[in-house]
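Trainee: any chance you can model this:
(one chain, ligands or ions: 2)
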Amino acid sequence: MIEAPMIELKAASKSFGGTPAVDGVSLRIEAGAFCVLVGPSGCGKSTTLRMINAMIAPDAGAVEIGGRNVASLDAIALRRSIGYVIQSVGLFPHWTVAANIGAVPQLLGWDKSNIARRVEEISGALQIDPSLLPRYPRELSGGQQQRVGVARALAADPGIMLMDEPFAALDPVSRAALQNELRRLHAASGKTIVFVTHDMNEALRLASQIVVMNAGRIVQAGAPAAILLRPEGDFVRGFLGREDLPLRLLDLAAVVEKARPLSGAGGEIARPLSGAGGERIAATATLRQALALMLEHHCARLVIENERGEITGEIDIDDIVVGPDAK
Ligand code: ADP
Ligand code: MG
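Mentor: Ligands and ions are numbered 1, 2, ... in the order given. Presented below is the predicted three-dimensional model:
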């Protein structure tokens, strides 16, 4: 894998027919960031994303990747080195799923056995059932097609992934599943992801860095907790919505971050847990899910288990209502 580069927009602007679509956007995206551009339809998110892979050239300003102006790079090589996923997937209808996933490695001239190995590896990582590989895109559900689209974008192991409302057309269950896969892949790979959405909840769930855009400009950029706790101006406040703000904060932290060792830690379990074990929750669940489970089962403490079903700690209602620390 190439080293994940840093992306920088320097006062980048682009107009269409005299109307600015992106208006002087300056933004640093650190290597390994999960940057989410969020804002209403027409605010310039897609245009910003297309400037990063040089599909659109800025009228003014510049876009740099790893310190080099993308305008000076070979556009085709650049695009092959960047994974790109869009809402409508864009799978080739007459190619099998396996051929679709292997498309970029094939363009890059990898040999057949390497392509086959990579297709197997990346479809495994995205939980695409091997029985789907010889099928055609139309035989797959929307959620499966979008998984294939993400697998295709990841196949050549690009250091940068650009994703333009990739999950917007999915049902809530497929969408949540793919969001989780993407979070996991990002954490495991250290890739730099720039992800576009008009959905603030999706942004809060995924981002390490949120960039709120309106009318071609950045109105606020920062960590999710900072945007939630200190929204700047009426637009950001309005876009966040106010009612369930505390609950959204709970979405930002995983149970594991608030986990405490089992009471009487130090190896032995000194005190039996409430009842014979108590309700269990996955370490990767969010605090909001933990709170929901406590309300459902009328308990104030949950036992935390890892993916192997082993108990790793516990979480108390008091750990939750204090909320994640604002950064
Ligand atoms: P978003 O992705 O946030 O919905 P876009 O970046 O697609 O917004 O578009 C920003 C503005 O630029 C919109 O007003 C849109 O109509 C306009 N625009 C985008 N692409 C083109 C184009 N190729 N030709 C003309 N206008 C465009
Ligand atoms: Mg768009």
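
Trainee: residue of the stretch 101-250 of the chain nearest ligand 1, please.
Mentor: Proximity of the stretch 101-250 of the chain to ligand 1 (Cβ to the nearest ligand atom) peaks at V196, 6.4 Å away. (Glycine included, C-beta is placed from N, CA and C.)

Trainee: bridged to that residue, which residues?
Mentor: Note on V196: beta-bridge partners by DSSP bridges are L37, D164.

Trainee: begin at 54 from here
Mentor: Renumbered: residue one is now 54, and that last one reads V249.

Trainee: show the pLDDT at it.
Mentor: The model reports V249 with a pLDDT of 97.

Trainee: from memory it sits against D217, does it?
Mentor: Yes. V249 is within contact range of D217, at 4.7 Å (criterion: Cβ atoms under 8 Å).

Trainee: pull up the overlap in contacts between those two.
Mentor: Common contact partners of V249 and D217 (Cβ atoms under 8 Å, 6 or more residues apart in numbering): K98, S99, L102.

Trainee: residues in contact with the last one?
Mentor: Going by Cβ under 8 Å, 6+ apart, L102 touches L90, L215, D217, V247, V249.

Trainee: filter the residues you listed to the buried ones?
Mentor: Buried members of the contacts of L102, scored by 16 or more other Cβ atoms under 10 Å, are L90, L215, D217, V247, V249.

Trainee: check the gap between the fourth one and I129 for me.
Mentor: Here V247 is placed at a distance of 20 Å from I129 (Cβ to Cβ, to the nearest Å).

Trainee: where does this protein have low pLDDT?
Mentor: Within the chain, the stretches with pLDDT under 70 are 54-58, 142, 295-298, 316-330, 375-380.

Trainee: return the residues of it in contact with ligand 1.
Mentor: Residues of the chain found near ligand 1 (Cβ under 6 Å from any ligand atom) are F69, A74, G92, S94, G95, C96, G97, K98, S99, T100.

Trainee: which SS class is the fifth one?
Mentor: This means G95. coil (DSSP: H, G, I helix; E, B strand; the rest coil).

Trainee: number of residues surrounding it?
Mentor: Residues lying near G95 (other Cβ atoms under 10 Å) number 13.

Trainee: what residues are up against the closest residue to R270 other than its chain neighbours?
Mentor: Leaving aside its chain neighbours, R270 sits nearest to D76 (5.2 Å; criterion: Cβ to Cβ, 6 or more residues apart in numbering). Taking Cβ under 8 Å, 6+ apart, we find D76 in contact with S66, G97, A268, G269, R270.

Trainee: swap in I280?
Mentor: For I280, the contacting residues are I263, V265, Q273, V289, L293, by Cβ under 8 Å, 6+ apart.

Trainee: check E61 too.
Mentor: L80, R81, I82, V116, E117, I118, G120.

Trainee: mind checking how far the helix or strand harbouring I373 is from the chain centre?
Mentor: For I373, the host element (DSSP states H and E) is helix 370-374. In terms of Cα atoms, centre = their mean, to the nearest Å, the centre of helix 370-374 is found 27 Å from the chain centre.

Trainee: just stretch 237-249 next, same as before
Mentor: 6 Å.

Trainee: can you give me the helices for the stretch 204-353 of the chain?
Mentor: Applying DSSP state H, counting those that start in this stretch to the stretch 204-353 of the chain gives helices spanning 225-242, 253-259, 277-282, 286-293, 298-304, 340-350.

Trainee: re earlier: so which bits of the helix holding I373 are buried?
Mentor: By 16+ other Cβ under 10 Å, the buried positions in helix 370-374 come out as D372, I373.

Trainee: can you say which of the contacts of D76 are buried?
Mentor: Applying 16+ other Cβ under 10 Å to the contacts of D76 flags S66, G97, G269, R270 as buried.

Trainee: how about the third one, what does it touch?
Mentor: For G269, the contact set (Cβ under 8 Å, 6+ apart) comprises P73, A74, V75, D76, V78, C96, G97.

Trainee: ditto for S166
Mentor: Applying Cβ under 8 Å, 6+ apart, no residues contact S166.
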